[in-house]
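A.B. asks: Quick one, structure for this:
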Amino acid sequence: MATFWSEKQNIIEPKRKYRFTVEIMAFGERGDATTSVIWYAKSATIPSYTVTSVTHKFLDNQYHFPGHVEWNEVSVKMVDPVSPDAVFATHDILLNSGYVVPATAAGSYSTMSKRKSVGGVAMVGVVLTQLDAQGVALEKWTLNNPFLTGVEFGEFVYEGDDIREIDLKMKYDWATCERFENGAKIEEFDPLTGASIFPNIPV
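C.D. replies: Here you go, the predicted model:
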């Protein structure tokens with residue numbers, strides 16, 4: 001008797017954690033990189049959110065109501081290749097966000113701002129893509145208005161021969177999610193317009 005897990009044409013293939021790409025547009029401008037896809041990314045947390053709650057008490061009863069949505073911080077871990085240099089790529093993001101130390105009393109009074117961080121060349125866009133076994137996109141997450149909130153450059157140790165790693169932490173206003181089938185987008189989650197379903201689903 002044929003079953004869904006033994007029929008070749010009906011084999012269900014789950015999403016795998018290791019099939020993903022990380023794309024940070026600003027990283028594509030440094031060194032000999034010809035694309036913003038970071039091939040040296042090691043891991044990345046998928047965008048997530050928390051819905052707060054508001055409690056109202058009336059007599060001896062307690063009622064709960066949904067509050068607002070908080071999108072949680074995303075972390076990307078990368079190994080640090082010699083070329084392109086990921087350390088200086090992150091330095092570029094910080095400088096392009098407006099970070100300047102005044103050298104003198106009459107020096108620059110420029111400061112960091114969200115406009116510089118997300119509207120300039122600092123963090124133009126961050127995209128996390130889930131791939132299938134053929135390398136075709138299944139799911140794509142896009143961070144809207146992202147900016148760096150922390151960078152850790154690892155440590156130096158004599159005892160280990162591990163590859164040096166860099167941790168990036170990012171905040172963002174919201175995330176959009178797209179679902180693909182046979183390479184075509186069939187569904188999209190966008191808080192600006194609501195979840196949209198595309199009717200022409202390929203078979």
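
A.B. asks: Give the other helices and strands that the helix or strand where Lys140 lies contacts.
C.D. replies: Using DSSP states H and E, Lys140 falls within strand 137-144. With contacts defined as 3 or more Cβ pairs under 8 Å, 6 or more residues apart in numbering; DSSP states H and E, the packing partners of strand 137-144 are strand 126-131, strand 174-181. C-betas here are computed from N, CA, C, even on glycine.

A.B. asks: Name every strand pairing with the longest one and say which way it goes.
C.D. replies: What it means is strand 174-181. If you go by DSSP bridges, strand 174-181 pairs up with strand 137-144 (antiparallel), strand 184-189 (antiparallel).

A.B. asks: out of those strands, deepest packed?
C.D. replies: Using mean count of other Cβ atoms under 10 Å, the stretch among the strands paired with strand 174-181 with the largest mean neighbour count is strand 137-144, at a mean of 19.

A.B. asks: Now do that strand and strand 126-131, the angle between them.
C.D. replies: Following axes from the mean of the first three to the mean of the last three Cα atoms, to 10 degrees, one obtains 170 degrees for the angle between strand 137-144 and strand 126-131.

A.B. asks: mind saving the C-alpha coords of strand 137-144 as CSV?
C.D. replies: Presented in CSV, the C-alpha positions along strand 137-144 are these (Å, rounded to 0.1, in the frame of the first residue of the first chain):
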residue,chain,number,x,y,z
ALA,A,137,13.6,30.6,-2.5
LEU,A,138,10.8,29.2,-0.3
GLU,A,139,10.4,32.0,2.2
LYS,A,140,11.9,35.5,2.3
TRP,A,141,12.0,37.8,5.4
THR,A,142,12.8,41.5,4.9
LEU,A,143,13.6,43.8,7.8
ASN,A,144,12.2,47.3,7.4
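
A.B. asks: Check Ala195 and give its pLDDT.
C.D. replies: Ala195 is assigned 67 on the pLDDT scale.

A.B. asks: ugh, typo on my part, it should be Ile186
C.D. replies: 88.

A.B. asks: before we move on, what about the one 4 residues further on?
C.D. replies: Here the pLDDT value assigned to Asp190 is 88.

A.B. asks: and the nearest residue to it once chain neighbours are set aside, what are its bridge partners?
C.D. replies: For Asp190, the nearest residue in space outside its immediate sequence neighbours is Thr176; the separation is 4.7 Å by Cβ to Cβ, 6 or more residues apart in numbering. Beta-bridge partners of Thr176, counted by DSSP bridges, are Thr142.
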